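Using only what follows, build the 3D model:
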Amino acid sequence: MLSPRLQLKVAQKQILTPGLVQMVTVLQLNRMELKEMINQEIVENPVLEESLEEGEEITPEELQPLLEAERSSDPADQSLLDAADITLNGDSPEVTRNTDAFADAAEAPVDGSETAETSTTDPFDEIDFGSFFDDYLDPGYRSPASESVDKPSFETFLSQPQTLPDYLRSQLSVAVLDDETRDAAETIIGNLDEDGYLTATLEEMGQQGGATREVMEAALKAVQGLDPAGVGARDLKECMLLQIESVNGRDGVAWQIVSNHMRLLEMRQFKDLAKLLGRPQEHIDIAVAMIRHLNPRPGVRFSGPGPRSVEPDVYFIRDGEDFVIQMNEEELPQLRLNAQYRKMLERDQGATKEVRDYVRERYSSAIQLMKNIEQRKHTILRVCEAIRRRQFEFLSQGLDALKPMMIKDVAEEVGVHPSTVSRAVANKYAHTPHGVYELRYFFSEAVQGRAGGETPLLLLKRRVRKMIEEEDSRRPLTDDHITARLQSEGIDVTRRTVAKYREDMKIPSTHQRRVRE
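Okay, here's the model as predicted:
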């Protein structure tokens, strides 16, 4: 029988304080994201500023007595503060205890709001900035007409990537077409996917727009004549034929192969193609080379997020026989605390309790951010030190010397939880003597076997690819042959595993790679 009842019980749980939540967030930011976050905090927090600015500065240690002056002595509140003494995994030494010079202030409540009384006592509100600029910064005579002109919005000067429909419509606008055909072509452009293929039938579009079959076919021909070649195709075969036709290759060898003999092309039976078409083998080879350079996705260059900007977070710099690890802090704002607001924390200065609480919260938030940024740097450097020790051969010799390395092993060496290492290397890049690599690139499982323990999975895939690249195209290696070779080298893999690696690398099967005599 169900009935409401009261029950007391004792439970122990971990509490993630706002400071620890921010620490985890800051740790997983890369350099560019951290820079953006710092700039945003400088805008929102008046007590936080760059160290390059002039003005009086105060250290967290000097500020600490004022921040603790009105701390609550309620035992319940204190127990919550003490409960914040946790780490990411419960016992990690990487997080300092909340009894240090930063932590007590960092755990002050953050509500981001300012009371009405705060705004009345803020010294900046006592200044009429509008009158100040009018009286002292007047540039001279300005006609009323010049002041009333509506200037274009700043957003109109911002660039944006050109989309495929925009690019096609710009060409269609100068094409000589009647209005009905132009409207139908606009409808076709609106039904193209991001690869440039037509996703609707002419009948469907004609019924929707009230156009005849002849008009839709004329509009499709007009769209297919636009750049990039192959756009507006309804399947891969038509896309390839449109590209061949754009270079005056209609009815040529490549055209005939795509039109009628795609199966032989997929099977790489070039000798049979030469016999069927009655052409010399060199003509077939030229046509096949041309087909290989066709673009199966003509519209893809107008879609997607585009190239991603990457800036190294860490540098591995060669220093004689060793390597020095250096954080990339170029253009990263260096923070400090503005001391001008310190007087608002003192009761004898006339500030109300609401003003003191707001300033105390802003100082606490700023100190917590500075602490977490320093903690992020310390954690990343410790993880990179472990990477340097474990991947010294890679740094010295190159990719072929890469060794297996697991996140949990580095976490044990550094003395943190594996999730901390995972966040420390997420979306971060390292500049090495052999190029820029994502930090996660250095972590790879070891392959099983007597010799496989020293071979990471990444290098095993490269070895499979190299075997296939060096094979005889007339007698290509089967997955069983590759498996046998790897097993003879002491790497314990199965044929199914080799087939999976080959498919992951987009390598065709043995039958598709064979070139017949």
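
And for the residue nearest to Tyr363 when sequence neighbours are not counted, the neighbour number?
Nearest non-adjacent residue to Tyr363, counting by CB to CB, 6 or more residues apart in numbering: Val47, 5.4 Å away. From N, CA and C alone the C-beta is placed, and that goes for glycine too. Look at Val47: counted by other CB atoms under 10 Å, it has 23 neighbours.

correct me, but Val47 touches Arg360?
No: in terms of CB atoms under 8 Å, Val47 does not count as a neighbour of Arg360; the distance is 10.0 Å.

that older thread, give me the distance between the residue nearest to Tyr363 and Pro333.
Between Val47 and Pro333 the computed distance is 15 Å (CB to CB, to the nearest Å).

Equivalent analysis for Lys428, please.
Going from Lys428 to Pro333 by CB to CB gives 19 Å.

same question, Lys271
In this structure, Lys271 and Pro333 are 67 Å apart, going by CB to CB.

Settle it for me: which of the two has more neighbours?
The neighbour comparison of Lys271 against Pro333 (other CB under 10 Å) goes to Pro333, with 18 against 14.

which stretch of helix or strand covers that one?
In this structure, Pro333 sits in neither a helix nor a strand according to DSSP states H and E.

Let me know the pLDDT of it.
Note for Pro333: predicted pLDDT of 85.

buried set for stretch 188-198?
The neighbour-count check on stretch 188-198 (16 or more other CB atoms under 10 Å) flags Ile188, Ile189, Leu192, Asp195, Gly196, Tyr197, Leu198 as buried.

swap in stretch 282-290?
Across stretch 282-290, burial judged by 16+ other CB under 10 Å covers His283, Ile284, Ala287, Val288, Met290.

pretty sure Ala219 is in contact with Thr187, am I right?
Yes: counting by CB under 8 Å, Thr187 is a contact partner of Ala219 at 7.5 Å.

Report the set of residues contacting both of those two.
Ala211 (CB atoms under 8 Å, 6 or more residues apart in numbering).

so who does the closest residue to Val425 other than its chain neighbours touch?
In this structure, Val425 finds its nearest non-sequential neighbour in Leu439, 3.7 Å apart by CB to CB, 6+ apart. If you count contacts by CB under 8 Å, 6+ apart, Leu439 has them with Asp313, Val314, Val383, Cys384, Ile387, Ala424, Val425, Lys428, Tyr429, Ala430.

Next one: the fifth one from Lys500, what distance?
Distance of Ile387 to Lys500, given as CB to CB: 28 Å.

Have a look at these two and say which one is more surrounded.
The residue with more neighbours, out of Ile387 and Lys500, is Ile387; 23 against 14, by other CB under 10 Å.

And the helices in the stretch 201-350 of the chain?
Using DSSP state H, counting those that start in this stretch, the helices of the stretch 201-350 of the chain run over 202-209, 213-224, 236-246, 253-260, 262-266, 270-277, 281-292.

Throw those helices into TSV and include distance to Val176, thanks.
TSV is the format used below for these (distance: least, CB to CB, whole Å):
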stretch	distance to Val176
helix 202-209	21
helix 213-224	10
helix 236-246	19
helix 253-260	27
helix 262-266	35
helix 270-277	38
helix 281-292	31
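
Show me the one of those that comes nearest Asp492.
When these are compared by CB to CB, helix 262-266 sits nearest Asp492, at 33.8 Å.

what packs against that closest one?
Here helix 262-266 touches helix 253-260, helix 270-277, going by 3 or more CB pairs under 8 Å, 6 or more residues apart in numbering; DSSP states H and E.

For these, which has the smallest mean pLDDT value?
Looking at the helices and strands packed on helix 262-266, the bottom one is helix 270-277 with a mean of 85.

That one vs helix 281-292, what angle?
110 degrees (axes from the mean of the first three to the mean of the last three CA atoms, to 10 degrees).

quick one: helix 270-277 to chain centroid distance?
47 Å (CA atoms, centre = their mean, to the nearest Å).

Identify each buried residue in it, please.
Phe270, Leu273, Ala274, Leu277.

and what of stretch 203-219?
Met205, Gly206, Gly209, Ala211, Val215, Met216, Ala218, Ala219.

what do you get for stretch 219-228?
Of the residues in stretch 219-228, Ala219, Leu220, Ala222, Val223, Gln224, Leu226, Pro228 count as buried by neighbour count, 16+ other CB under 10 Å.

Can you name the residues in contact with that stretch?
167-168, 171-172, 175, 177, 181-182, 184-185, 187-189, 196, 198, 202, 211, 231-233, 242, 295, 298-299, 301.

Tell me who's in contact with Arg297.
Residues near Arg297 by CB under 8 Å, 6+ apart: Asp195, Gly196.

please redo it, this time with the cut-off set to 6 Å
Neighbouring residues of Arg297 by CB atoms under 6 Å, 6 or more residues apart in numbering: Asp195.

Check the one 5 residues further on too.
When contacts are counted by CB under 6 Å, 6+ apart, Phe302 touches Thr163, Leu164.

confidence score at it?
pLDDT, Phe302: 79.

now it: how far from Ser173?
According to CB to CB, Phe302 and Ser173 sit 17 Å apart.

cool, His417 as well?
Distance from His417 to Ser173, counting by CB to CB: 59 Å.

out of these two, which sits in the busier spot?
His417 (19 against 9).

Below-threshold pLDDT in the stretch 301-450 of the chain: ranges please.
Across the stretch 301-450 of the chain, the ranges flagged by pLDDT under 70 are 303-309, 348-349, 447-450.

Please, where are all the strands along it?
Taking DSSP state E, counting those that start in this stretch, the strands of the stretch 301-450 of the chain run over residues 314-319, 322-327, 335-338, 429-432, 435-438.

Make JSON lines from the ones you listed and add mean neighbour count to it.
Shown next, in JSON lines, are the strands of the stretch 301-450 of the chain (neighbours: other CB atoms under 10 Å):
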{"stretch": "strand 314-319", "mean neighbour count": "16"}
{"stretch": "strand 322-327", "mean neighbour count": "15"}
{"stretch": "strand 335-338", "mean neighbour count": "20"}
{"stretch": "strand 429-432", "mean neighbour count": "21"}
{"stretch": "strand 435-438", "mean neighbour count": "13"}
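
Of the ones you listed, give the one that comes closest to Leu345.
Nearest of these to Leu345, taken as CB to CB: strand 335-338 at 12.0 Å.

Contacts made by the closest one with the rest, please.
Strand 335-338 has contacts (CB under 6 Å, 6+ apart) with Val47, Leu48, Glu49, Ser51, Glu57, Ile58, Ala366, Met370.

want to throw the buried residues of stretch 219-228 into TSV with pLDDT and distance to Ile468?
Shown next, in TSV, are the buried residues of stretch 219-228 (pLDDT from 0 to 100; distance: CB to CB, whole Å):
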residue	pLDDT	distance to Ile468
Ala219	90	46
Leu220	91	41
Ala222	91	44
Val223	90	40
Gln224	90	37
Leu226	90	39
Pro228	89	32
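
got a list of what the closest residue to Gly206 other than its chain neighbours touches?
The shortest distance from Gly206 to any non-neighbouring residue, by CB to CB, 6+ apart, is to Met216 (4.6 Å). Residues in contact with Met216 (CB under 6 Å, 6+ apart) are Ala184, Leu202, Gly206.

Now do the same contact list for Leu20.
Contacts of Leu20 (CB under 6 Å, 6+ apart): none.
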